[in-house]
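[1] I need the structure of the sequence given here:
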Amino acid sequence: MSDLASTLTEDQLQILKDTALDFALSHGLVVRPPANDTNSAATFGGVINAPVSIFPTPFPINAFNDAVKIQPLYNQLVHDIAQDDAFLKEIMESLSTVDDFVKRLYDLYITVKQEGIAQPASLGIHRSDYIIHLNPGQDFSEAKIKQVELNTISVSFGSLSSLTGDLHKYLHATTGYFTDKIDDSALPVSESITSIASGLASAHQLYGSKTAKVMMVVQPGERNAFDQRWIEYNLLKNHGVVLIRKTLAEIADQGRLDPKTKALYIGDQEISVAYYRSAYATTDYPTEKEWDGRLLAERSLAIKCPTIAYQLVGAKKVQQVLATPGQLERFVKDPEAAAQLRASFTGLYPLDSSPEGMAAYEAALVNSDELVMKPQREGGGNNIYGKDIQTELRKLSAEQRNAYILMDIIRPPITKNVLLRKGELQRADVVSELGIYGIYLHDGRKEIRNDNGGHLLRTKGVESNEGGVAAGFAVIDSLLLV
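    Sure, this is the predicted structure:
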């Protein structure tokens, strides 16, 4: 496949481009253009094609199966950590002294916990992201997954990921990619376009009111609305549940709690599930009104996806602490399960005042080329790489460094592909990142469901350090299992 992308003629690529654009626009594989995008030729009715690859990307089947196998373990791990107040307290109190955003989230967690949790049930729609690591001399099939991060709030592209897989299957069926080299059975289907709606439906059913509605908490002017709309449509079509969209500010303005039951009402509409597709970044809280909206929802009887505790578990510092000896085993008692999870870890190092943190700091000042420096942020574009790490470390006090962790850079194999952005093709040397979705529902006493929810493949040019599609660094791809 890597040879195919570079050997097709321009006429053949033009056919693939035109076919892909028509498919994307016909199937809602689209995004809204940036507000400052004046290239009207690339827009169709106010939308542009979602950034996608033209070809599926080769991925080792054993590595893919490993990632799928351990996702339920990660789902369970998030829930178990969220129940351990002492573990969260130790990490979050330390971070709160150097990260104002984490402090606001943790203060909210403390407030709701002290008042008494109105809704013991919790829904997790997670995504664990991996890059495959290949040692020198290893065969491609021997590559191993290494976890980049575990996302516990506002995991995106579940719908557009499934549609991109459908696009590649369609291109293969109609053009054969001008080759007979691809077996259709090697193109796995991602059920994420329906699994996320299914998870929300399960939580809605657990809530127990047929007249209540699911509320998606969104950002104003959301560019990725079409990825979200497919969840809304499938929730209604497959489960008969209506979803409404509200911003944090609208929740503050329009929301109220029933004084007896703490049921959340938006106007006269009762809310069964508060599903966050925002609330993960500082920019989601431009005023106190947004914090008021978040607090109102957290105090309510609505089932939260995620709870504030689940969101805190997604902090990079938690990922780093779990990698230290004995900490993962605090939550995962089965030695085989713990070993499977640890096999997916890469090198993670603190930057605090501990001996390990000071050693990592000193080592990074000498050589930072194989490291990435991560803050406690989601959404892409926040990480620091290479020599910039040394510059940043020298600017920070010992206390300020605690807001970051260091991670070994994972070096994946490089392949070739053709990327389609804003109606234009670009041949590129690329690397890819696999995400596995997980659906987890707990009623406060027992686990209701713990499932895999499909997959996402994001592909980017080798010159880009970051991997976020919404942030403009990557395209949505699909798997060619080998």
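
[2] got any ranges where the stretch 301-450 of the chain has weak pLDDT?
    377-381 (pLDDT under 70).

[3] ok, then the element right after the strand ranked longest in the chain?
    Counting residues, the longest strand found in the chain (DSSP state E) is strand 424-442. Sequence order places strand 447-461 as the next helix or strand after strand 424-442, per DSSP states H and E.

[4] what is that following strand packed up against?
    Packing partners of strand 447-461 (3 or more CB pairs under 8 Å, 6 or more residues apart in numbering; DSSP states H and E): strand 57-59, helix 61-82, helix 158-175, helix 192-207, strand 415-421, strand 424-442, strand 475-477. C-beta: built from backbone N, CA, C; applies to glycine.

[5] partner strands of that strand, with direction?
    strand 424-442 (antiparallel), strand 475-477 (antiparallel) (DSSP bridges).

[6] for the shortest one, the averaged confidence score.
    Yep, that's strand 475-477 we're talking about. The pLDDT scores in strand 475-477 average 97.

[7] number the chain from 43, please
    Got it, the first residue is 43 from now on, which makes the last one we talked about strand 517-519.

[8] what's downstream of that strand, the next helix or strand?
    Sequence order places strand 521-523 as the next helix or strand after strand 517-519, per DSSP H and E.

[9] contact partners of that following strand?
    For strand 521-523, contacts defined as CB atoms under 8 Å, 6 or more residues apart in numbering pick out 43, 97-103, 106, 207, 224, 228-230, 476, 497, 499.

[10] repeat that for stretch 445-453.
    137, 140-141, 144, 173-176, 188, 190, 358-359, 361-362, 388-393, 402, 406, 412-418, 426-427, 431, 438.

[11] buried members of those into PyMOL, please.
    Of the contacts of stretch 445-453, the buried ones can be selected in PyMOL as follows, counting by 16 or more other CB atoms under 10 Å:
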select buried, resi 137+140+141+144+173+174+175+176+188+190+358+359+361+362+388+390+391+392+393+402+406+413+414+415+416+417+418+426+431
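
[12] so which of the contacts of stretch 445-453 are in strands?
    Going by DSSP E, the strands hold 173-175, 188, 190, 390-392, 413-417, 426-427 from the contacts of stretch 445-453.

[13] most tightly surrounded among the helices and strands packed on strand 489-503?
    strand 517-519 (a mean of 26; mean count of other CB atoms under 10 Å).

[14] what about residue 370, neighbour count?
    By other CB atoms under 10 Å, the residues close to residue 370 number 18.

[15] so it touches residue 363, yeah?
    No: between residue 370 and residue 363 there is no contact under CB atoms under 8 Å: 9.2 Å.

[16] mind putting the strands paired with strand 489-503 into JSON lines with distance to residue 199?
    As requested, those are exported to JSON lines (distance: least, CB to CB, whole Å):
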{"stretch": "strand 466-484", "distance to residue 199": "8"}
{"stretch": "strand 517-519", "distance to residue 199": "6"}
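
[17] do you know which of those lies nearest residue 57?
    Among the strands paired with strand 489-503, the nearest to residue 57 by CB to CB is strand 466-484 (11.4 Å).

[18] just want the angle from the closest one to helix 103-124.
    When axes from the mean of the first three to the mean of the last three CA atoms, to 10 degrees is applied, the directions of strand 466-484 and helix 103-124 differ by 50 degrees.

[19] how about the host helix or strand of residue 273: buried residues?
    Applying DSSP H and E as the criterion places residue 273 in helix 267-281. Neighbour-count burial for helix 267-281, with 16+ other CB under 10 Å as criterion, is recorded at 267, 268, 269, 270, 271, 272, 273, 274, 276, 277, 281.

[20] from the contact counts, what lies against the strand or helix carrying residue 293?
    Element membership for residue 293, per DSSP H and E: helix 290-296. When contacts are defined as 3+ CB pairs under 8 Å, 6+ apart, helix 290-296 packs onto strand 255-259, strand 306-308, helix 330-341.

[21] please identify the most buried of these.
    Ranked by mean neighbour count, the helices and strands packed on helix 290-296 are led by strand 255-259 with a mean of 23 (mean count of other CB under 10 Å).

[22] endpoints of stretch 401-415, how far apart?
    15 Å (CA to CA, to the nearest Å).

[23] can you pull out the residues in contact with it?
    391-393, 425-429, 431-432, 434-436, 443, 446-451, 507.

[24] redo that, cut-off 7 Å
    By CB atoms under 7 Å, 6 or more residues apart in numbering, the residues outside stretch 401-415 that reach it are 391-393, 425-429, 431-432, 434-435, 443, 446, 448-451.

[25] ok, now stretch 477-495?
    Applying CB under 7 Å, 6+ apart, the contact partners of stretch 477-495 are 109-110, 113-114, 116-118, 120-121, 162-171, 197, 200, 234, 237-238, 241, 244-245, 248, 496-498.

[26] only alpha carbons, please: show that stretch as CSV.
    In CSV, the C-alpha atoms belonging to stretch 477-495 read as follows (Å, rounded to 0.1, in the frame of the first residue of the first chain):
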residue,chain,number,x,y,z
GLY,A,477,-7.6,5.1,19.3
ILE,A,478,-9.9,2.4,20.8
TYR,A,479,-13.3,3.6,22.2
GLY,A,480,-14.7,2.1,25.4
ILE,A,481,-18.2,2.2,26.9
TYR,A,482,-18.6,1.8,30.6
LEU,A,483,-21.7,2.1,32.7
HIS,A,484,-22.0,1.6,36.5
ASP,A,485,-25.1,2.1,38.6
GLY,A,486,-23.2,2.9,41.8
ARG,A,487,-23.4,-0.7,43.1
LYS,A,488,-22.5,-2.9,40.1
GLU,A,489,-21.2,-2.7,36.6
ILE,A,490,-23.9,-2.5,33.9
ARG,A,491,-21.8,-2.7,30.8
ASN,A,492,-18.1,-2.7,29.9
ASP,A,493,-17.6,-2.8,26.1
ASN,A,494,-15.3,-1.9,23.3
GLY,A,495,-16.8,0.8,21.2
